[in-house]
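Trainee: pasting a predicted model and its sequence here:
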Amino acid sequence: MKKKQKILFIIWSFSYGGGAENLLANIVNRMDLDKYEIDILEYWHSNIKILEVDKRIHVLKPIIDETKDNHLKMWLAKILVEYFPGILRKIYLKNNYDYEIAFNSLIPTYLLSKKGKTISWVHTDIYDLKTHKYEYWLQKRAYKHIKKIVAISDNTYQSIIDIYPEHKDKTVIIHNSLDFDTIKKMAKEKPNIKKEKFTFLFAGRLDDRKNPLYLIDIAQAMKEKGLDFNIWMLGRGKLKDELSAKIKKLHLEKEVKLLGFQENQYAYLAQSDAVIMTSTQEGFPAILAEGLVLGKPFISTPVGGTKEMAVDHKCGFRAENITEFVNWADKLINDPKLYRQIAANGQKYIAKFTYQQQIKDLEKLFATLDKEEKNN
């Protein structure tokens, strides 16, 4: 029997309820576990959403557990991961691996082996590193030793070669995948709210990167134009109280509903009419792609991945400002024929994003790494 190849995935958190975590869980659960032995190391453990993986996959002890570790340990871990990651590797990693994959930028990449067959998987554009010089330097130092960089969209790829042009030759694109069966199955459940009118869904952390406060400004402009709508906002985060205050100040309580984190966001997605996203930075936004699976068009800021998914406004809309958000919303609400056409286009477009193709592309990358190592 052929010896299994050992793979280590390093992710910032595998318990925070984000898109990268769900994507990783779906990938490893679909890999051939008779062929691969898989370990997952998370830097930061939370209890927001514990993802299920096959019992043969090992989720290692996290470096930081926010549910019980004190601030001193968190501070010490930050120093070590940035300057002495080898110490953390000796403490938390007991195996040698054939392939190591950092499933986020920054911290997970610092923890990769400096000599092994390593991959950095980038889920968002990295243009913000232009203004964060310290993180730029840390990432540059890590990329020096990494063998391959995976971008999940054209925009992500372009940002990598714009910021680190010296690594263009080792950067490739592997598009994200979707668990169509699970999305459709979970979408059949009923949400804890009744739809009353045309409803937009926002799903994401309530933080600066997702920019939910901007959405409240958009909602105000939509109301002033006379549009009849609701916005369901799913998620938790540091901006919750500020959002609540702004909604109340602008008298938008009837239009905007803060629903908190929902374990099954697909139930709410299925009952809504369209997805709305106001992020300042994304790679290939999972919520937009999942919406397309269920026939939900989108309106989004023009961030990474949205250009590909919008397909020249055949599947969704990109808005540069509040006026464009309002105009696109008006069309979706008041032009049923256009809405049906956009929804159908989106379902047709997204059908190609399968796990089979993503895993096939990853295995090709493994083969390339093996060949390069042999030739060297």
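Mentor: Perfect, thanks for sending it. Residues are numbered from 1 along each chain as shown.
Trainee: from here on, just use CA atoms for contacts and neighbour counts.
Mentor: Fine.
Trainee: can you give me the domain assignment for this protein?
Mentor: Domain assignment for the chain by automatic domain parsing gives 5-177+354-375, 180-350.
Trainee: CSV for those domains, including mean pLDDT?
Mentor: Compiled in CSV, the domains of the chain are given as follows (pLDDT from 0 to 100):
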stretch, mean pLDDT
domain 5-177+354-375, 94
domain 180-350, 95
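Trainee: all strands in the stretch 1-150 of the chain, in order from the N-terminus.
Mentor: Remark: strands assigned in the stretch 1-150 of the chain by DSSP state E, counting those that start in this stretch are 5-11, 36-42, 44-45, 58-59, 64-65, 99-102, 118-122, 148-151.
Trainee: identify the residues contacting the next helix or strand after the last one?
Mentor: The reference is to strand 148-151. On the C-terminal side of strand 148-151, the closest following helix or strand by DSSP states H and E is helix 154-163. With C-alpha atoms under 8 Å, 6 or more residues apart in numbering as the test, helix 154-163 has contacts from 122-127, 129-130, 150-151, 167-168, 171-173, 283, 304-305, 308.
Trainee: returning to that earlier point: now mean neighbour count and distance to Gln220 too, for the strands of the stretch 1-150 of the chain, in CSV please.
Mentor: Supplementary listing: the strands of the stretch 1-150 of the chain in CSV, determined by neighbours: other C-alpha atoms under 10 Å; distance: least, C-alpha to C-alpha, whole Å:
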stretch, mean neighbour count, distance to Gln220
strand 5-11, 21, 38
strand 36-42, 21, 40
strand 44-45, 20, 37
strand 58-59, 15, 45
strand 64-65, 19, 40
strand 99-102, 24, 41
strand 118-122, 26, 35
strand 148-151, 24, 36
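Trainee: show me the one of these that comes nearest Leu206.
Mentor: Between Leu206 and the strands of the stretch 1-150 of the chain, the tightest spacing by C-alpha to C-alpha is seen for strand 44-45, at 18.8 Å.
Trainee: ok, longest helix in the chain?
Mentor: Across the chain, the helix with the greatest residue count (assigned by DSSP state H) is helix 355-375.
Trainee: tell me which other helices or strands that one touches.
Mentor: helix 19-30 (3 or more C-alpha pairs under 8 Å, 6 or more residues apart in numbering; DSSP states H and E).
Trainee: what does the helix it packs on contact?
Mentor: Taking C-alpha under 8 Å, 6+ apart as the rule, helix 19-30 contacts 11, 13-15, 38, 51-54, 57, 103-104, 123, 176-179, 286, 355, 359.
Trainee: list the contacts of the nearest residue to Asp34 once chain neighbours are set aside.
Mentor: Nearest non-adjacent residue to Asp34, counting by C-alpha to C-alpha, 6 or more residues apart in numbering: Lys4, 7.1 Å away. Listed by C-alpha under 8 Å, 6+ apart, the contact set of Lys4 reads Asp34, Lys35, Tyr36, Glu37.
Trainee: please tell me how far Lys4 sits from Tyr99.
Mentor: Separation of Lys4 from Tyr99 (C-alpha to C-alpha, to the nearest Å): 12 Å.
Trainee: Ile63 too?
Mentor: Distance, Ile63 to Tyr99, using C-alpha to C-alpha: 20 Å.
Trainee: got it, and Lys238?
Mentor: 36 Å.
Trainee: list the buried residues of the longest helix of the chain.
Mentor: Tyr355, Gln358, Ile359, Leu365, Phe366, Leu369 (16 or more other C-alpha atoms under 10 Å).
Trainee: count the neighbours of Lys114 for me.
Mentor: Neighbours of Lys114 under the rule other C-alpha atoms under 10 Å: 15.
Trainee: chain neighbours aside, what residue packs nearest to it?
Mentor: Closest to Lys114 by C-alpha to C-alpha, 6+ apart is His145, at 5.4 Å.
Trainee: before we move on, what about Ile57?
Mentor: Counting by C-alpha to C-alpha, 6+ apart, the residue nearest Ile57 is Ile38, at 5.3 Å.
Trainee: so where do the strands sit in the stretch 201-350 of the chain?
Mentor: With DSSP E, counting those that start in this stretch as the criterion, the stretch 201-350 of the chain has strands at 230-234, 256-260, 274-277, 298-300, 317-318.
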